[in-house]
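# Please work out how this folds:
(one chain, ligands or ions: 1)
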Amino acid sequence: MEEVWDKHAEIWSEWNYSPDMIIEGNNIILDWMRSLPKKGLVLDEGCGVGQYTICLSKLGFKSVGIDFSTPLLKIAKKNRMKNRCDYELASGDITNLPFKSSTFTIVVSAGIIEHFKNTETAIQECGRVLKSGGALFIHVPQKIGVFTVNKLLQQLLGLWKEGYEKSFTPWKIKSLLIGAGFEVKSAKINPIGEGRIPMVGKILKTLDAPFRMVGLGGHHIHIYCIKK
Ligand SMILES: C[S@@+](CC[C@H](N)C(=O)[O-])C[C@H]1O[C@@H](n2cnc3c(N)ncnc32)[C@H](O)[C@@H]1O
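Numbering: from 1, shown residues only. From the prediction side, this is the model:
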């Protein structure tokens with residue numbers, strides 16, 4: 001599984017995204033976090049090239065990014081310098097985090113939980129390292145909509161590059177979080193984006209419109225929850 005992500009170092013290092021654009025855009029997790037007190041320590045699990053870690057630092061949070069991919073961590077380190085940010089980086093496995101229980105006030109889990117067959121274990125690890133009353137911000141792919149059909153097509157055609165990935169209905173992911181001792185405060189689904197080929201993005205968005213009308217479809221479901 002590690003090799004799947006190591007290969008992303010080439011793909012993601014070519015992306016010329018701007019952290020300021022992410023902060024100023026409609027990023028659901030960052031919008032929720034903006035108003036929170038900037039105290040304690042935030043964990044960005046599966047930080048990749050540091051997309052969220054950079055933004056968290058720019059918003060004033062003290063954070064640690066963890067990932068098991070050495071090539072991605074190298075880019076996260078370069079990005080730290082490039083963006084004049086201040087965050088710690090650690091190498092480790094999300095299913096067995098190398099941190100003591102109740103270390104963090106916030107855990108950000110962006111595009112992570114869906115890559116594990118044992119979802120419960122991954123969620124429980126988030127809960128273990130969080131202090132009581134701490135917040136977990138998580139996003140996972142939303143199951144019912146065009147995004148899933150598109151994903152299945154890509155997997156059938158051998159074009160899928162993200163390795164093992166499942167999707168969740170809003171009620172399934174919420175019940176898993178509640179079962180792991182969290183209280184769900186808010187949930188939002190973001191629309192399908194432009195993607196790399198804007199024409200394809202436009203078609204997918206149009207086909208997804210009926211699902212959006214009933215509160216489904218879109219891309220990822222974002223959840224803000226609190227550890228009880
Ligand atoms: C879809 S990417 C998300 C990256 C980042 N959170 C973002 O939003 O840009 C998944 C990340 O999780 C990391 N990852 C996957 N399984 C892991 C594991 N068991 N332990 C640590 N990191 C893992 C991958 O290396 C990759 O960087």
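
# Could you list the residues of the protein in contact with the ligand?
For the chain, the residues in contact with the ligand (Cβ under 6 Å from any ligand atom) are 5, 46-48, 51-52, 67-69, 72, 93-95, 110-112, 115. To be clear about C-beta, it is placed using only N, CA and C from the backbone, and glycine gets the same treatment.

# swap the cut-off to 8 Å and go again
1-2, 5-6, 8, 12, 44-52, 66-69, 72, 92-95, 108-112, 115-116, 162 (Cβ under 8 Å from any ligand atom).

# In the protein, what residue spans correspond to strands?
Assigned by DSSP state E, the strands in the chain fall at 42-45, 63-67, 87-91, 104-110, 130-141, 182-189, 220-227.

# Centre-most residue in the protein?
Most central in the chain under Cα atoms, centre = their mean is Ala110, positioned 0.8 Å from the mean C-alpha point.

# Am I right that that one is in contact with His139?
Yes. Applying Cβ atoms under 8 Å, one finds Ala110 in contact with His139, separated by 5.5 Å.

# what is in contact with the two at once?
Ile29 (Cβ atoms under 8 Å, 6 or more residues apart in numbering).

# Please pull out the lowest mean pLDDT helix or strand from the chain.
Using mean pLDDT, DSSP states H and E, the weakest-scoring helix or strand in the chain turns out to be helix 8-13, at a mean of 75.

# For that one, which residues meet the burial criterion?
Neighbour-count burial for helix 8-13, counted by 16 or more other Cβ atoms under 10 Å, picks out His8, Ala9, Trp12.
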